[in-house]
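Undergrad: structural data only, the sequence is not supplied:
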């Protein structure tokens, strides 16, 4: 779906079984280093304290600097009952110079709210994209994105979970939020309840 991103992020107890499946079954798309800078407008802060006491955000403005430079705005939509993220509206484009854009945002009084440094390997298998991330200070995670056709974006998350269960790759847990969220809440439980 145009401008919709449907993904979950997992941590695996034993990632080697999954990595073996990826190398055998999926196609490597890319392998690169990234530094993601997250900002919020001072006049309209994105960060809030949620009902469970976590620092959270339903919107992101990210500048990615690395092997390629990008700007991305995301607005997350959550299940009304469980508060789990269902999908995000995403607007993303490449930019020529990430450092210059960061300087512009700072001069416009945007506040930097997180920096995430990582090495990413991206893989493709059928309707799924797998981003395997080694994140400085956090560890190894896999973002799984559903890229197939679907009528309701809210159903994409279910497709990802069904696919993961079918893979039988061992113990895995869904992370409640993104990498900035993990940094902000590093002393709390990061995993979703089953």
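TA: Noted; the coordinates are in hand. Everything quoted here is computed from the prediction, not taken from an experiment.

Undergrad: just the helices in this structure please.
TA: Taking DSSP state H to define them, one finds helices in the chain at 15-25, 98-107, 156-167, 179-184.

Undergrad: helices or strands up against the first one?
TA: Using 3 or more C-beta pairs under 8 Å, 6 or more residues apart in numbering; DSSP states H and E, the elements in contact with helix 15-25 are strand 110-125, strand 128-135, strand 139-146. (Glycine included, C-beta is placed from N, CA and C.)

Undergrad: between those, which one is closest to residue 51.
TA: Of all the helices and strands packed on helix 15-25, strand 110-125 sits nearest to residue 51, with 20.4 Å by C-beta to C-beta.

Undergrad: among the helices of the chain, which is nearest residue 115?
TA: helix 179-184 (8.6 Å).

Undergrad: how far off centre is that closest one?
TA: Averaging C-alpha positions (C-alpha atoms, centre = their mean, to the nearest Å) puts helix 179-184 11 Å from its chain's average.

Undergrad: show me where pLDDT drops low in the protein?
TA: For the chain, the stretches flagged by pLDDT under 70 are 1-2, 194.

Undergrad: go again using 80 as the cut-off
TA: 1-3, 154, 187, 193-194 (pLDDT under 80).

Undergrad: count the residues that sit near residue 90.
TA: 17 (other C-beta atoms under 10 Å).

Undergrad: ok, so what distance separates residue 175 from residue 189?
TA: From residue 175 across to residue 189, the span is 10 Å (C-beta to C-beta, to the nearest Å).

Undergrad: of these two, who's got more company?
TA: residue 175 (19 against 10).

Undergrad: dump the helices and strands packed on helix 15-25 into a markdown table; add distance to residue 9 and mean neighbour count as well.
TA: Supplementary listing: those in a markdown table, determined by distance: least, C-beta to C-beta, whole Å; neighbours: other C-beta atoms under 10 Å:
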| stretch | distance to residue 9 | mean neighbour count |
| --- | --- | --- |
| strand 110-125 | 12 | 17 |
| strand 128-135 | 9 | 18 |
| strand 139-146 | 5 | 19 |
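
Undergrad: out of those strands, which gets nearest to residue 53?
TA: Across those, closest to residue 53 is strand 110-125 (C-beta to C-beta), at 18.1 Å.

Undergrad: got the angle between the closest one and helix 156-167?
TA: With axes from the mean of the first three to the mean of the last three C-alpha atoms, to 10 degrees applied, the angle from strand 110-125 to helix 156-167 works out at 50 degrees.

Undergrad: distance between stretch 83-103 and the chain's centre?
TA: Distance, centroid of stretch 83-103 to centroid of chain: 11 Å (C-alpha atoms, centre = their mean).
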